[in-house]
Structures are given as structure tokens and as C-alpha cells.
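Enquirer: okay, predicted coordinates and the sequence, questions at the end:
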Amino acid sequence: MSIEVRHAWKRFGTFTALAGVNLSVPSGRLTALLGPSGSGKTTLLRIIAGLESPDATSDPDSGKVLFHGEDVSNVPAGRRGVGFVFQHYALFRHLTVFENIAFGLSVRPRRDRPTTRQIADRVNELLDLIQLSGLGGRYPDQLSGGQRQRVALARALAVQPRVLLLDEPFGALDARVRKDLRRWLRTLHERLHVTTVFVTHDQEEALELADEVVVMNQARVEQVGPPQEVYDRPASPFVIEFLGNVNRLERGRTAAKSVLYVRPHDIDIRREFAGEHAVPARVLHVFSAGNYGRVSLSRGDTGDTIEAEVPRQQLRELNLRDGDRVNLVFRHVRLFPAEGFREEDLPSEPSASRDAGSGI
Amino acid sequence: MRTPHPELSPNLRTRRRRVLPGFGLTLGTTLLFLSLIVLLPLSAAFIRTAGLSWEEFWGHVSSPRVVASYRLTFGAALAAAAANAFFGVIVAWVLVRYEFPGRKIVDALVDLPFALPTAVAGIALTALYAPTGWIGGLLEPLGIKVAYTPLGIWVALTFIGLPFVVRTVQPVLEELEPELEEAAATLGATRTQTLRRVVLPALLPATCTGFTLALARGIGEYGSVVFISGNMPLRTEITPLLIVTKLEQYDYAGATALAVVMLVVSFALLFGVQLLQRWFFSPERHGR
């Protein structure tokens, strides 16, 4: 079931949550709406669910929501066939886990309602799926956060939704549980293949979990694409800064002001002179965990802090000490000058260097 | 003789360290306060009745006039508390869920029965509901009499008990996350189903508490009722009034005998409601 949102606007008082957003979610995929808080991602999700209605504009096509090409803009939330999972679970506290999951089936009109037996079978099946069989008689208050979130998911799945929508599904959980649940959701999606959209502000979560990432910022979509592509080819300074660690360096000498970005793992640290485009720096701090070592450096001319990541082996060979003077070579930089985006791969050997790095 | 290891001595093991000091102090204060304000005056009533023989006591508390007053007092209080439970939830709902001009004024109005001297309420209600009053005059041709009937007592007790349910339900309703209703809506529940199966069950414990408070207030109410009831023996005479009447006739023993009955029945009633509530809302209700 593909989802399409056309040119949606939404204002809350003077705050603009969505400024003409277009969205297209392919069928059967796991899509992440990624952005900082206030970027409009939750509002967009709620519009898809029918919990929020987009503002009316002069354009009659504006704010339309289509499921598989069918216009559902005027269909109430309950009949859109969506399963919605809330950040804080929104479980019914006076009902047991079993009753919570059965809720969607038991409120159906009598002629569409499955028999008590069928409902019980379906609920038990879902309890198995969320690995909570045997806990159907518990109340939500007697469960841990991760268990509650899985119950909320089972409750949403019980009605066999065409589309599954999750609002910051792991936001209220601690890091460990979040990681487990993330992996579990991925496997679940492989099994069910329900078109799923989830909202998150955690870039790691989006990149690790989603088939496709929609990066949002200030009520607009900044970039759409598979995680690898969004990470490797960020379309704007916002995206590169939001996804992963990056060093932001101002290019001082040129008249046209431009900004240069370097990922920590694209920096080479040299002890010897490394060509005139290399940047002299001083080591502030070295820490290595796992395969990579992190080095904090202070730029010789401006004093800006630069983070670099080098393989552990290389770090050992370099034998860096705090206060050492070194030269930095940027292997891959991204420039966002006034006229547009430019990406450059720099040769690592000083002799073959081009001038792209000079004046940094 | 070996001395037990200090850590294993039962005295040390059972005593748990609390983060906040002062359990002894606060419990002591609570007991002293309750004794002085509640327990001592009440036990005085029991001691007073102890002077009566069992036959005398039974004679005082089981005369037809007295039994009729019990029925009226508890019946009217129950009916009034029930009415307040129903309308109180609606008032709380309106105050919490909707923004409208004058909402603050309505909100303040709810507390008025708390502040008003009950006699003033009684006189005002009597003036309104008497056959010559504004409302009484309208109801008279329909054959409905309010003032000087049990119905009037019910009106007075409803007035007195109104704030209890509203004020207990209001904060719970404010805390109720809108996500619960949204979740029910996305699962296909209609507005009525959401209300019946999600919202009302969440409000039920608070409503019960409010009901109990209104009931307790209604049973003990005197000031407003004496004006509107007309105080006709066997018909519109409430037990608190009978107690006052006996006191005025210097029949202290008879008055305290009635007081003891009211005390015991009220306590049993309130305790029963609380037990019921505890059983009904306990997570173990489904026998696990």
C-alpha cells in the first residue's frame, strides 16, 4: 500500500509545522521520517493517519492523502486502515494486555466482528509474535517500557492495517532496549511487509532501520533516499550536519564565503610535511575504542577543534601524544559555497595533490 | 553464650531505613490530631449511650418516626450522590474539554455550595421551589411539588454535594492523555465506544470517590434541609433534625442513641463503598 501526501500545509497559530510538503512512500517499505524536533515530522505522520487535517489552501489538490492512489483525505482515522503506535504507548490502563490487543476487533460493528473464539486466536497469535505469550492477563502498569511498546504494536497490528505508522516508537526507552527493539522491528517488517512509516529524531535509528529516509527540517523535506545515499551524498548543509559527525570548517581566504565539511574518518593524520594544502594542527586528546581511535585536534591557524577518526593500527604507528604537532590531509570534502554544492575527492599523496584543499 | 551477629539480629533485619525521616513523628501527630478532633467526640457519644439499657436504646432507635427518618436521610443522600455522580462528570467534562467565554466563572460557581452557609442555600432553594416561587410556581400546575417533600430534600442535598464529584473528576480528566482517545479512534472505535470503553472507565475511580464524599456530606447535612423539607414527622423529617429536636427537649440519651446509629451506618456505608472500590479497581480482579 503506497502512501502519497500532496503539498500539505499546516500551521499551529504562528508556527508553521508543514510548508507544502510532498511525500511519497513506496509500498511494503520501511520509511523513516527523520528530523529535529519541530521539523514537522510528527504532524506529517498524524496527517497520514487522519488524526490531524492539513490546512485548506487555494489549491484544491493541496493536502490530499492517497493510499495506493485512492484519495482518503476525507476518510476518518478509524476507517483508513492504519495502525498507529504512539510514543508513550497510549495503552488502556484499565484493560489487560489481552483486552488491549483485542480492542480494535471488539469494537467492530456486530456483523463484521469476529467471534470471541476468533478474537482470542488472533490475540494469542499476536502475543506470540511480540514474544509476550502468557502475559495476556497482565495490566499495562505491570509491564516494562519495551514490553508496553510491543503491546501497543500488537494492538495496532490486530486490525490488520494497510499502513503501520509509528511515532518515535523507541523514544521513551533506554538505549539498550531501544537497540533490541529496533532489530526486532526490522525482522518483524521482513515477515509482515506492511508499509511502515516511523518518525524519529535519532539519525542512527533511521539509517540502521529504514529502507528509505526522509530528512525533514523546518517544515520542509530536505532530502529523500536510501540511507546510504543520504549519508554519502547529503543534499544540503543541514543534512550533512544532521547525519553523523562532521567537522565544519569555514573557508577564510576566498572572497566568496563557503563552508567545507569533512567527516572525521576522511581525515589523515601525518607526522611529516604533507604538502602545502595540508592543515597544521595540534593534538588535544586521543581515545581509542574498538577498531577506531578518536583524535581531537586544534587547528594551527584558527584554533577550531577538529575531530578525526583513524584506524587503531595507524594510531599505534603514529604514537600520538597530547600536544603533538601534526599535519592533516582531508581525503574527501564537501563544499557548500554560495553558488551550490560541490564534492571533491582529494588524492592522499602530496605529490599528486590538486589545489582544492588550499586556503582552508 | 554467643552473641548473635549484629546483621542477623531480627531487630536490625526487620527495621528498614527510610530516606525521609519522621515516620514516628508524623504518625504520632496524625493519631493525636484524629483522636482530639474525631475519635474523642465520637466515643463520647458511645459512652453517653452506654448509660441506657439495651431495651431503652432499642426503643429510642426503632420507633416508627425514627425509622422513617433513616430511610429518608440515607435514601435522599444516595439519590443525590447518584445524581451528582452523573451530572458532576458532565460538568467536569465541559470545564476541562472546552474553551468558552465564562468558563472561569462557571468553574468558580462550582465551589459556591462549599462556601455558602447551608442555611442560606436552604432558604434560597425553598424560596425558589415553594409553590409561590419561580420554579415551584411552574411545577405546581404539573402536579409536581418540590418544597416540603422528599423531592425538595433531594434537591438540597444535590446542591450541597455538587462540588465533590466535579472536583475529584476534573484533575483526572485533565491528566487523561488525548492519545488514548486517538488510539481508540485509529482502531476503529466510534465516539460512543471511545467514551464508554476508554474515557469513562478511566474516570470511574475518581467518580466513585466523589460519589462517596457527596454521599457522606448528604447524610450529615442539616442546615439546608430543615428549611426546604417542612419537617413533617414520618414524611419529611431527617435523622439529624430528630437529633436536634431531642436535644432541645433535653433528651440527651435519646439524641446520642440516634447519633450512634447514624455513626455506625455511615461508617459501614463509607467503608463498604471503599472496599467495593478497592476490589473493583484492583489489578488482581481477574484472579491471577
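Expert: Structure received.
Enquirer: which intervals of chain B have sub-threshold pLDDT?
Expert: Within chain B, the segments meeting pLDDT under 70 span B:1-18, B:282-288.
Enquirer: grab the longest helix from it for me.
Expert: The helix that spans the most residues within chain B, counting by DSSP state H, is helix B:64-97.
Enquirer: that helix packs against which elements?
Expert: Where contact means 3 or more Cβ pairs under 8 Å, 6 or more residues apart in numbering or on different chains; DSSP states H and E, helix B:64-97 is packed against helix B:103-110, helix B:150-175, helix B:200-220, helix B:239-248, helix B:252-281. Using the backbone N, CA and C atoms, a C-beta is placed for each residue, glycine as well.
Enquirer: can I get those helices in CSV with mean neighbour count and distance to A:Asp266?
Expert: Shown next, in CSV, are those (neighbours: other Cβ atoms under 10 Å in any protein chain shown; distance: least, Cβ to Cβ, whole Å):
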stretch, mean neighbour count, distance to A:Asp266
helix B:103-110, 12, 60
helix B:150-175, 22, 50
helix B:200-220, 20, 54
helix B:239-248, 18, 87
helix B:252-281, 16, 60
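Enquirer: out of those, which is closest to chain A?
Expert: Closest of those to chain A is helix B:200-220, at 4.5 Å (criterion: Cβ to the nearest Cβ).
Enquirer: I'd like the next helix or strand past that closest one.
Expert: Helices and strands here follow DSSP states H and E; after helix B:200-220, the next one along the chain is helix B:223-229.
Enquirer: just the residues contacting that following helix, thanks.
Expert: Here helix B:223-229 makes contact (Cβ atoms under 8 Å, 6 or more residues apart in numbering or on different chains) with B:117-119, B:121-123, B:125-126, B:129, B:146-148, B:150, B:152-153, B:155-157, B:159-160, B:236-238, B:240-241.
Enquirer: stretch A:85-94 now?
Expert: Contacts of stretch A:85-94 (Cβ under 8 Å, 6+ apart): A:99-100, A:103, A:139-141, A:148-149, A:151-153, A:155-156, A:164-169, A:171-172, B:177, B:179-180, B:182-184, B:197-198, B:201-202, B:204, B:281.
Enquirer: now swap in stretch A:19-32 and tell me
Expert: Counting by Cβ under 8 Å, 6+ apart, A:1-9, A:40, A:44, A:62, A:68, A:186, A:189, A:193-200, A:205-206, A:209-214, A:216, A:218-221 sit against stretch A:19-32.
Enquirer: first-to-last residue distance for that stretch?
Expert: Distance across stretch A:19-32, first residue to last, is 19 Å (Cα to Cα, to the nearest Å).
Enquirer: what does stretch A:24-39 give?
Expert: Start-to-end span of stretch A:24-39 (Cα to Cα) is 18 Å.
Enquirer: now it: mean pLDDT?
Expert: Stretch A:24-39 carries an average pLDDT of 92.
Enquirer: swap in stretch A:221-229?
Expert: Mean pLDDT, computed over stretch A:221-229, is 93.
Enquirer: how about it as PDB, C-alpha atoms only?
Expert: In PDB, the C-alpha atoms belonging to stretch A:221-229 read as follows (Å, rounded to 0.1, in the frame of the first residue of the first chain):
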ATOM      1  CA  VAL A 221      11.600  17.900   3.200                       C
ATOM      2  CA  GLU A 222      15.300  18.300   2.800                       C
ATOM      3  CA  GLN A 223      16.200  15.000   1.100                       C
ATOM      4  CA  VAL A 224      14.700  11.600   0.300                       C
ATOM      5  CA  GLY A 225      16.700   8.500  -0.400                       C
ATOM      6  CA  PRO A 226      18.100   5.200   0.800                       C
ATOM      7  CA  PRO A 227      20.100   5.600   4.000                       C
ATOM      8  CA  GLN A 228      23.500   5.000   2.300                       C
ATOM      9  CA  GLU A 229      22.800   7.600  -0.400                       C
END
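Enquirer: which of the residues in it are buried?
Expert: Of the residues in stretch A:221-229, A:Val221, A:Glu222, A:Gln223, A:Val224, A:Gly225, A:Pro227 count as buried by neighbour count, 16 or more other Cβ atoms under 10 Å in any protein chain shown.
Enquirer: closest one to chain B out of the residues you listed, please.
Expert: Minimum distance to chain B across these is 24.2 Å, recorded for A:Val221 (Cβ to the nearest Cβ).
Enquirer: what about the closest one, which SS state?
Expert: strand (DSSP: H, G, I helix; E, B strand; the rest coil).
Enquirer: for it, what are its contacts?
Expert: Neighbour list for A:Val221: A:Val21, A:Asn22, A:Leu23, A:Val214, A:Val215 [criterion: Cβ under 8 Å, 6+ apart].
Enquirer: part of a strand, is the first one?
Expert: This points to A:Val21. Yes: assessed with three-state DSSP, A:Val21 lies in a strand.
Enquirer: tell me the bridge partners for it.
Expert: According to DSSP bridges, the residues that bridge with A:Val21 are A:Ala8.
Enquirer: next one: it, what pLDDT does it get?
Expert: Looking at A:Val21, its pLDDT reads 92.
Enquirer: before we move on, what SS does the closest residue to chain B within the stretch 151-300 of chain A have?
Expert: Nearest residue of the stretch 151-300 of chain A to chain B, counting by Cβ to the nearest Cβ: A:Val159, 6.0 Å away. Under three-state DSSP, A:Val159 falls in the coil class.
Enquirer: name the nearest residue to it, ignoring sequence neighbours.
Expert: Ranked by Cβ to Cβ, 6 or more residues apart in numbering or on different chains and with sequence neighbours excluded, the top spatial neighbour of A:Val159 is A:Gly104, at 3.8 Å.
Enquirer: which element is the one you found on?
Expert: helix A:97-106.
Enquirer: all helices for the stretch 251-360 of chain A, in order.
Expert: Taking DSSP state H, counting those that start in this stretch, the helices of the stretch 251-360 of chain A run over residues A:312-318.
Enquirer: mind showing which ranges of it have poor pLDDT?
Expert: Across the stretch 251-360 of chain A, the ranges flagged by pLDDT under 70 are A:251-257, A:337-360.
Enquirer: grab the most central residue of chain A for me.
Expert: Nearest residue to the geometric centre of chain A (Cα atoms, centre = their mean): A:Ala206, 3.0 Å.
Enquirer: so it is in contact with A:Lys41, correct?
Expert: No: with contact defined as Cβ atoms under 8 Å, A:Ala206 does not reach A:Lys41; the gap is 10.4 Å.
Enquirer: picking that back up, and the furthest pair within the contacts of A:Val221?
Expert: Greatest spatial distance among these (Cβ to Cβ): A:Asn22 and A:Val215, at 13.9 Å.
Enquirer: look at these two and report which has more neighbours.
Expert: Using other Cβ atoms under 10 Å in any protein chain shown as the criterion, A:Asn22 and A:Val215 rank with A:Val215 on top: 26 against 12.
Enquirer: and the stretch 101-250 of chain A, which of its residues are near chain B?
Expert: A:103-104, A:107-108, A:137-139, A:141-142, A:155-156, A:158-159 (Cβ under 8 Å from any Cβ of the partner chain).
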